[in-house]
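Structural data only, the sequence is not supplied:
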């Protein structure tokens, strides 16, 4: 009787251990599937002329970055489920973190480039351009600095074995990430 209870406790402990990784894989797969559909529609509905524009290429780049993030997320979390006692290399984890926290900055910058359609460089006075782009540029620079500080602090304080635990337990209370999210809200206004 006790061996049945022990095996059930072991199975429950294993399921509870892999549950966060499983949820990350599910969410990442669902978002990637949506992005794949968006990518196909973007290619199918674009003309030859629109494909030559910088904004089209930046949109394709942003979708490809999201695909890379999803692949790294699947690799990292899949490895944690299949082989929990042999985690992926710290460099893979670092790549996942970089592909998770830096692309929103790129996405917001792509949105900012659309202002050049309203205020072309050739027709807009320099003083007007400075008034329009100075604050967003300063906010983006601040976001880069905050993200680098977060990355440095996160990798310095977390051990190789405890990277996932550190990410799940401290990310939502980390002052650097909270500052980044606040700056992202300010950037999008």
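Arrived safely. Bear in mind the structure is a predicted one, so any value in this text is a computation, not a measurement.

what about this protein, any weak spots by pLDDT?
For the chain, residues meeting the criterion pLDDT under 70 lie at 1-4, 158-171.

All the strands of it, in order from the start?
Residue ranges of strands cannot be listed for the chain, since DSSP state E assigns none.

Neighbours of the residue nearest to residue 106 when sequence neighbours are not counted, how many?
Take residue 106 and drop its neighbours on the chain: the residue closest to it by Cβ to Cβ, 6 or more residues apart in numbering is residue 62, 6.1 Å away. Bear in mind the C-beta positions are built from the backbone N, C-alpha and C, glycine included. The burial count assigned to residue 62 is 17, neighbours taken as other Cβ atoms under 10 Å.

From what I see, residue 62 and residue 109 are in contact.
No. Using Cβ atoms under 8 Å as the test, residue 62 is too far from residue 109 to be in contact (9.6 Å).

one step back: show the contacting residues for the residue nearest to residue 106.
103, 106, 107, 110 (Cβ atoms under 8 Å, 6 or more residues apart in numbering).

Could you tell me which residues make contact with the residue positioned nearest the centre of the chain?
In the chain, the residue lying closest to the centroid (Cα atoms, centre = their mean) is residue 100, at 2.2 Å. With contacts taken as Cβ under 8 Å, 6+ apart, residue 100 has the following neighbours: 69, 73.

And the one 10 residues further on, by the same measure?
For residue 110, the residues meeting the contact criterion (Cβ under 8 Å, 6+ apart) are 55, 58, 59, 62.

so which of the residues you listed would you say is closest to residue 152?
Distance ranking of the contacts of residue 110 against residue 152, using Cβ to Cβ, places residue 62 first at 25.0 Å.

and that closest one, how far is that from residue 69?
When Cβ to Cβ, to the nearest Å is applied, the distance between residue 62 and residue 69 equals 11 Å.

same question, residue 10
Here the criterion is Cβ to Cβ. By it, residue 10 lies 33 Å from residue 69.

Looking at these two, which has the bigger crowd around it?
Per other Cβ under 10 Å, whichever of residue 10 and residue 69 has more neighbours is residue 69, with 23 against 10.
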